[in-house]
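Visitor: here are the coordinates; sequence isn't available:
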């Protein structure tokens, strides 16, 4: 019973002098109705505490973007368009605003219904343009015009807004920040003596402290991810950015020891220098423990004959457990989705398409089959709603988004939900 209702009922029971049972019943009914009306104005129950992850856990995480809005990313020129719409987006071609409370509520309901335990809250692009001063931008980030800066800061604000919005909704799901470690300028100090990477870590750190119930606690601390891009130099003698980020965290204990960090990269399936064992794979590929990179997306195509084929997704170990594995709806080939070869049009021969020959989701089913075998601590689902080019393709087969859209309708929600439910039944 709601606290407001309990208070009203207690007040009725304490009336003096006592009223007759029939009058009391009528009064209780009236006050209960009033209490329910008042309860609508009360904040919903807060999330029930952070998600504690250990070496026995099997957590499902959805990749999620809050990029969209009339002053952020719009859907103009996209091949797939979401079914959801926001009024303030109609003037810029339609679509939805990631800050729209109705959109946030529906997204939470959909992602929660698929069985996800958490989602990724991502600000990975143009980090110095967003977080550093105008002095820094003029000196080091020439493409960061005032309009571009405002556009990217709106993405930051939309992402930060998820924390109070999700708290107000009382969802059981949590948020895992994904920071940007792509641009070399993120480790150059600004006039205030801080780097953009440091400022972004502080941005998400403040949200983590303000909304602790939305944290994922891993190895005793809130988990943060750092996206380091698609291709990695494995030679630390070259001082690649990923290595400098690790060194930065080691030399800044006020950040590095406060959170659990993991580096996340793309297409590790195509970077054999990062593998624990060389050679043509015949199963998912373990990442060398010296790197331990998590996967944002990997390819899976066991039948292609192009260079580096067949493709198998990657994983890394944490002790005796697989720590991370990422499953996708569809994955592009080495040269993207469309290839200029007449015999292979409209798709590249090493694409892994959304639909199989019978219309089923064969690619995702294959990924989830390997996920069940590996039973990772963190299973990441690629992805809910990126939509935009150049990562996405030109038809339903070349998109890896899950959110209901014009090219594939609403059926993906059930397909993904059923696959996740089957996975959870096996591993939990």
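Guide: Thanks, I have it. Since this is a predicted model, take the numbers as computed values, not measurements. Numbers count the residues shown, from 1 in each chain.
Visitor: quick check: end-to-end length of stretch 251-263?
Guide: End-to-end distance of stretch 251-263 (CA to CA, to the nearest Å): 17 Å.
Visitor: same check on stretch 64-80?
Guide: Terminal-residue distance, stretch 64-80 (CA to CA): 16 Å.
Visitor: and if you look at stretch 307-326?
Guide: 22 Å.
Visitor: repeat that for stretch 65-77.
Guide: 18 Å.
Visitor: same deal with stretch 370-386?
Guide: One end of stretch 370-386 sits 24 Å from the other (CA to CA).
Visitor: can you list the buried residues in that stretch?
Guide: Judged by neighbour count (16 or more other CB atoms under 10 Å), stretch 370-386 contains these buried residues: 370-372, 374, 376-386. All C-beta spots, glycine's among them, are computed from the backbone N, C-alpha and C.
Visitor: now do stretch 267-286
Guide: Of the residues in stretch 267-286, those buried (16+ other CB under 10 Å) are 267, 268, 269, 270, 271, 274, 275, 281, 284, 285, 286.
Visitor: and for that stretch, what's in contact with it?
Guide: The contact list for stretch 267-286 (CB atoms under 8 Å, 6 or more residues apart in numbering) reads 230-232, 234, 265, 287-289, 291, 293, 295, 297-300, 308, 310-317, 325, 334, 370, 374.
Visitor: just the ones of the residues you listed in helices?
Guide: 370, 374 (DSSP state H).
Visitor: which of the contacts of stretch 267-286 are buried?
Guide: 232, 234, 265, 287, 291, 293, 295, 297-300, 308, 310-317, 325, 334, 370, 374.
Visitor: and the strands in this protein, which stretches?
Guide: Using DSSP state E, the strands of the chain run over residues 51-53, 59-62, 118-123, 174-180, 216-218, 221-227, 260-266, 285-286, 294-297, 314-318, 321-328, 378-382.
Visitor: let me have the ones you listed in CSV, extended by distance to residue 112 and mean pLDDT.
Guide: Shown next, in CSV, are these (distance: least, CB to CB, whole Å; pLDDT from 0 to 100):
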stretch, distance to residue 112, mean pLDDT
strand 51-53, 13, 98
strand 59-62, 10, 98
strand 118-123, 9, 98
strand 174-180, 11, 98
strand 216-218, 15, 98
strand 221-227, 19, 98
strand 260-266, 23, 98
strand 285-286, 32, 98
strand 294-297, 22, 98
strand 314-318, 26, 97
strand 321-328, 18, 98
strand 378-382, 13, 98
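Visitor: next, format those as JSON lines and append distance to residue 196.
Guide: Output for the strands of the chain, formatted as JSON lines (distance: least, CB to CB, whole Å):
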{"stretch": "strand 51-53", "distance to residue 196": "28"}
{"stretch": "strand 59-62", "distance to residue 196": "25"}
{"stretch": "strand 118-123", "distance to residue 196": "11"}
{"stretch": "strand 174-180", "distance to residue 196": "8"}
{"stretch": "strand 216-218", "distance to residue 196": "24"}
{"stretch": "strand 221-227", "distance to residue 196": "12"}
{"stretch": "strand 260-266", "distance to residue 196": "16"}
{"stretch": "strand 285-286", "distance to residue 196": "32"}
{"stretch": "strand 294-297", "distance to residue 196": "20"}
{"stretch": "strand 314-318", "distance to residue 196": "27"}
{"stretch": "strand 321-328", "distance to residue 196": "26"}
{"stretch": "strand 378-382", "distance to residue 196": "25"}
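Visitor: of all those strands, which one is nearest residue 69?
Guide: The closest approach between residue 69 and any of those, judged by CB to CB, belongs to strand 118-123 at 13.9 Å.
Visitor: can you list contacts of the closest one?
Guide: 51, 59-66, 111, 130, 155-156, 159, 162-163, 173-180, 200, 203-204, 216, 225, 227, 380, 384.
Visitor: tally up the residues packed near the nearest residue to residue 240 once chain neighbours are set aside, please.
Guide: Leaving aside its sequence neighbours, residue 240 sits nearest to residue 233 (CB to CB, 6 or more residues apart in numbering; 3.9 Å). Look at residue 233: counted by other CB atoms under 10 Å, it has 15 neighbours.
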